[in-house]
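**Q** Need coordinates for the below:
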Amino acid sequence: MAESKELQQVVEHAVAQVLERHLPKLQAELVERVLAELPAPAAAAAAGPESGARRPNQSNLVQAVASVHAGTTQKEILRALLDAGTAYGARVALFVVKAGAANGWQGRGFGEADLIKDFSLDMTHGPAAHAYQNRVVTPGNVAEMDRRFVEQFGGPENEQILVLPLVLKDKVAALLYADGGANALLDAASLELLVMATSAWLEVTSLRKQAQKDTGDAGGGIAAASMPVAVFDRPAATPVQTVSSFPDPFAAHTPKHIAPQAAPEPEPAAEVVEVSAHAASASAAASAPAAAADPFAGMSPEDAETHRKAQRFARLLVDEIKLYNQAKVAEGRRNKDLYDRLKEDIDKSRSTYQKRYGSTVAASGDYFQKEVVRNLAEEDLSLMGANFRK
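**A** This next block holds a predicted model:
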């Protein structure tokens with residue numbers, strides 16, 4: 001027992017050192033890559049003075065993104081998004097999307113912050129519907145917005161508005177509304193960058209917490225300890241979209257008309273901080289090969305634990321590939337050549353997996369291969385392409 005506790009402490013210390021050493025580097029890389037996705041300054045200038053578009057100040061943008069990345073919980077990150085957004089939109093508000101409905105969470109520039117809270121935004125037409133259905137930034141005229149919204153909150157002087165989707169776990173989890181208010185302050189490119197940075201950082205913090213949780217697991221400490229190195233040493237690609245094991249930050253925010261018997265808490269995102277660990281555990285359990293029964297029931301406790309750790313490690317490795325290569329994953333699925341597009345990442349992760357579990361009793365499970373097909377190809381082997389090793 002004493003040796004097990006000592007080993008756990010050693011692993012926790014090692015993981016803490018890895019995270020402390022690599023997170024600043026990861027943050028800088030995220031900022032650089034999100035900035036690289038910005039449209040050319042000429043695109044903002046082409047919008048004309050009436051739109052309030054301005055050439056982004058990169059120094060200010062970096063500071064704004066850094067303020068988002070300073071958050072350590074979902075609640076802090078989302079509040080930082082709204083606070084930073086006020087430099088690029090006179091009025092900004094975040095609407096949580098749940099069961100096809102968008103309910104207000106918090107706003108800035110609307111007077112009393114509580115005015116936005118729990119306002120149900122019409123998602124059947126206009127810019128909100130377009131942003132939600134197509135997952136793209138959608139500009140529009142205030143006349144196209146929900147009539148009740150305009151009646152209650154009014155509109156900007158120049159009538160131009162913007163709706164931006166915050167995409168998590170391959171779906172729109174929230175919509176950010178922005179307009180220029182009385183002074184026509186509306187910088188679409190900078191707001192888009194902030195939303196992208198927020199999505200990326202929510203994903204990173206979630207993966208970090210999941211890694212720490214796995215480290216704390218008495219049986220899985222050593223496998224988890226090696227995971228942050230693989231994640232944070234690898235150059236990051238476009239940080240958009242989330243991975244299958246990522247807990248939904250808005251899972252606890254259920255619209256009142258969907259579940260009237262459960263009154264919403266004052267701070268929806270605060271609930272997320274408390275339940276995210278349970279959500280991650282539930283997601284991992286849902287992706288297990290056999291949910292109805294323990295597939296390792298006939299094995300010795302030691303062998304069964306090795307198989308479980310190998311499964312977890314395979315999921316973490318493939319989740320990492322998906323997180324940092326979302327665009328390639330989407331293109332590979334469309335063209336049925338996932339392996340060709342992700343060959344370097346898949347082969348590197350397979351080698352990492354084999355070094356750890358290739359000579360153990362878990363080798364027969366071939367969990368990495370199965371996870372690649374399940375997670376990246378959505379159980380359709382044909383999407384991996386002809387060059388994928390069967």
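
**Q** quick one: secondary structure of residue 294?
**A** coil (DSSP: H, G, I helix; E, B strand; the rest coil).

**Q** In contact with it, which residues?
**A** Counting by CB atoms under 8 Å, 6 or more residues apart in numbering, residue 294 touches residue 304. The C-beta positions use only the backbone N, C-alpha and C, and glycine is treated the same way.

**Q** ok, it to residue 305 distance?
**A** Applying CB to CB, to the nearest Å, one obtains 12 Å for the distance of residue 294 from residue 305.

**Q** Ok, residue 388 next?
**A** Residue 388 sits 30 Å away from residue 305 when distances are taken as CB to CB.

**Q** Between the two, which has more neighbouring residues?
**A** In terms of neighbours (other CB atoms under 10 Å), residue 388 is the more surrounded of residue 388 and residue 305; the figures are 20 against 17.

**Q** which SSE is residue 340 in?
**A** Secondary-structure element containing residue 340, defined by DSSP states H and E: helix 338-357.

**Q** Beyond that helix, next helix or strand please.
**A** The next secondary structure element downstream of helix 338-357 (using DSSP H and E) turns out to be helix 367-371.

**Q** so what secondary structure elements neighbour that next one?
**A** For helix 367-371, the elements it packs on are helix 301-324, helix 338-357, judged by 3 or more CB pairs under 8 Å, 6 or more residues apart in numbering; DSSP states H and E.

**Q** Name the residues of the first one that are buried.
**A** Spelled out, that is helix 301-324. Residues 304-324 are the ones in helix 301-324 that count as buried (16 or more other CB atoms under 10 Å).

**Q** can you check the last one too?
**A** When burial is assessed from 16+ other CB under 10 Å, helix 338-357 yields the following buried residues: 338-339, 341-342, 345-346, 349-350, 352-353, 356-357.

**Q** ok, back up a step: and residue 74, which of the helices and strands packed on helix 367-371 is closest to it?
**A** Comparing the helices and strands packed on helix 367-371 by their distance to residue 74 (CB to CB), the top pick is helix 301-324, with 16.8 Å.

**Q** on that earlier part again, got the contact list for the helix holding residue 340?
**A** Residues from elsewhere that reach helix 338-357, judged by CB under 8 Å, 6+ apart: 223, 226, 230, 234, 306, 309-310, 313-314, 317-318, 320-321, 324-325, 328-329, 331-332, 363, 367-369, 372, 376-377, 383-385, 387-388.

**Q** Show me where this structure has its helices.
**A** Counting by DSSP state H, the chain has these helices, from start to end: 2-36, 41-46, 58-69, 74-85, 126-134, 147-153, 188-216, 221-233, 268-286, 301-324, 326-335, 338-357, 367-371.

**Q** okay, now the domains of this structure?
**A** Per automatic domain parsing, the structural domains of the chain span 15-199, 221-384.

**Q** Go through those domains and find the least confident stretch.
**A** Here the lowest mean pLDDT among the domains of the chain goes to domain 221-384, at a mean of 69.

**Q** Could you tell me which residues make contact with residue 70?
**A** Here residue 70 is in contact with 76, 80 (CB under 8 Å, 6+ apart).

**Q** same question but for residue 106, I mixed them up
**A** For residue 106, the contacting residues are 78-79, 82, 93-94, 113, 116-117, taking CB under 8 Å, 6+ apart as the criterion.

**Q** For it, give the beta-bridge partners.
**A** Per DSSP bridges, residues listed as beta-bridge partners of residue 106: residue 94.

**Q** Next, find the distance separating it from residue 348.
**A** 41 Å.

**Q** for residue 152, same thing?
**A** Using CB to CB, which is the criterion applied here, residue 152 is 53 Å from residue 348.

**Q** With residue 142 instead?
**A** Counting by CB to CB, the gap between residue 142 and residue 348 amounts to 49 Å.

**Q** Could you tell me how many residues sit around residue 377?
**A** 20.

**Q** neighbours around the closest residue to it other than its chain neighbours, how many?
**A** The shortest distance from residue 377 to any non-neighbouring residue, by CB to CB, 6 or more residues apart in numbering, is to residue 383 (4.1 Å). Look at residue 383: counted by other CB under 10 Å, it has 20 neighbours.

**Q** Look up the closest residue to residue 125, ignoring the ones flanking it.
**A** Closest residue to residue 125 in three dimensions, ignoring its sequence neighbours and counting by CB to CB, 6+ apart: residue 144, at 7.7 Å.

**Q** Phi and psi next, for residue 159.
**A** For residue 159, the backbone dihedrals are phi 70, psi 10 (criterion: degrees, to the nearest 10).

**Q** how close does it sit to residue 144?
**A** Taking CB to CB as the measure, residue 159 and residue 144 are separated by 10 Å.

**Q** Then residue 329?
**A** Taking CB to CB, one finds residue 329 at 33 Å from residue 144.

**Q** Looking at these two, which one has more neighbours?
**A** Just comparing residue 329 and residue 144: by other CB under 10 Å the higher neighbour count belongs to residue 329, 23 against 18.
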